[in-house]
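In: dropping the sequence and predicted coords here.
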Amino acid sequence: DSGVTQTPKHLITATGQRVTLRCSPRSGDLSVYWYQQSLDQGLQFLIQYYNGEERAKGNILERFSAQQFPDLHSELNLSSLELGDSALYFCASSTLGQGWIGYTFGSGTRLTVV
Amino acid sequence: ILNVEQSPQSLHVQEGDSTNFTCSFPSSNFYALHWYRWETAKSPEALFVMTLNGDEKKKGRISATLNTKEGYSYLYIKGSQPEDSATYLCASTNRDDKIIFGKGTRLHILP
């Protein structure tokens, strides 16, 4: 157990729907990062939050949004889902904003859009 | 280089042999280079984080070096064991907090 908790582990939904993925960072970590891993793709950075505020944005689609709550857990909202959104979504946390000590990853949420 | 490139993409190594692979990253505005070990059906596990040119880190049989001026890092595994079979990811963080992962090197250890 890495200390980063992601729920749900698996999610199957239809095109056009909206889902919410949840991440609880490791205790004491202020930063949360979201990544997407599709077939044959490396980890694509989506977005980072630090202590409740958006810190950096990567290749995140406009249909996707995220937030970090006062208790530091984060949610990634994916709407108007398309087949191509099927992927493994990882959350990672780190102690400092820039993550220089490395990231601790959760076990991921496998999203399947049918 | 604008992306993080890892080579080779895949590697088969006989048990007991030593091996190494490469990560190339953008050298401008560089902040940190990370190596992760990613086993199938598990989440990536941090191996090393390096920030200074010439840094060299070691963890058991695995070590890594960093050259920030030319933008590359090597990961070495000495005396490969079956449990070393995994995908090894590197990621580069720059001073603007942009994080880029490579696609990984898939290592297979042959008995």
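Out: That came through fine.
In: can you tell me the SS state at the spatially most central residue of chain A?
Out: Centroid-nearest residue in chain A: A:Trp34, 3.1 Å away (criterion: C-alpha atoms, centre = their mean). Classification of A:Trp34 by DSSP: H, G, I helix; E, B strand; the rest coil places it in strand.
In: correct me, but it touches A:Gln44?
Out: No. Taking contacts as C-beta atoms under 8 Å, A:Trp34 lies outside contact range of A:Gln44: 9.7 Å. Where you see a C-beta, it was placed from the backbone N, CA and C, and this is true even at glycine.
In: residues near B:Asn20, how many?
Out: Using other C-beta atoms under 10 Å in any protein chain shown, B:Asn20 has 14 neighbouring residues.
In: now the one 10 residues further on
Out: Counted with other C-beta under 10 Å, the neighbours of B:Phe30 add up to 18.
In: I'd say it and B:Thr68 touch.
Out: Yes. Using C-beta under 8 Å, B:Phe30 is in contact with B:Thr68, at 5.3 Å.
In: identify the residues contacting A:Gly42.
Out: Neighbour list for A:Gly42: B:89, B:101-104 [criterion: C-beta atoms under 8 Å, 6 or more residues apart in numbering or on different chains].
In: of those residues, which are in range of chain A?
Out: Taking C-beta under 8 Å from any C-beta of the partner chain as the test, chain A is in contact with B:89, B:101-104 out of the contacts of A:Gly42.
In: where in chain A is pLDDT low?
Out: A:40, A:96-101 (pLDDT under 70).
In: which bits of it sit near chain B?
Out: A:2, A:4, A:33, A:35, A:41-45, A:48, A:55-56, A:58, A:90, A:92, A:97-108.
In: buried ones among those residues?
Out: For the residues of chain A next to chain B, a neighbour count by 16 or more other C-beta atoms under 10 Å in any protein chain shown gives the buried set as A:2, A:4, A:33, A:35, A:42-45, A:48, A:55-56, A:58, A:90, A:92, A:97-100, A:102-108.
In: how about the residues of chain B near chain A?
Out: B:31-32, B:34, B:36, B:42-46, B:48-49, B:51, B:89, B:91, B:93, B:95-104.
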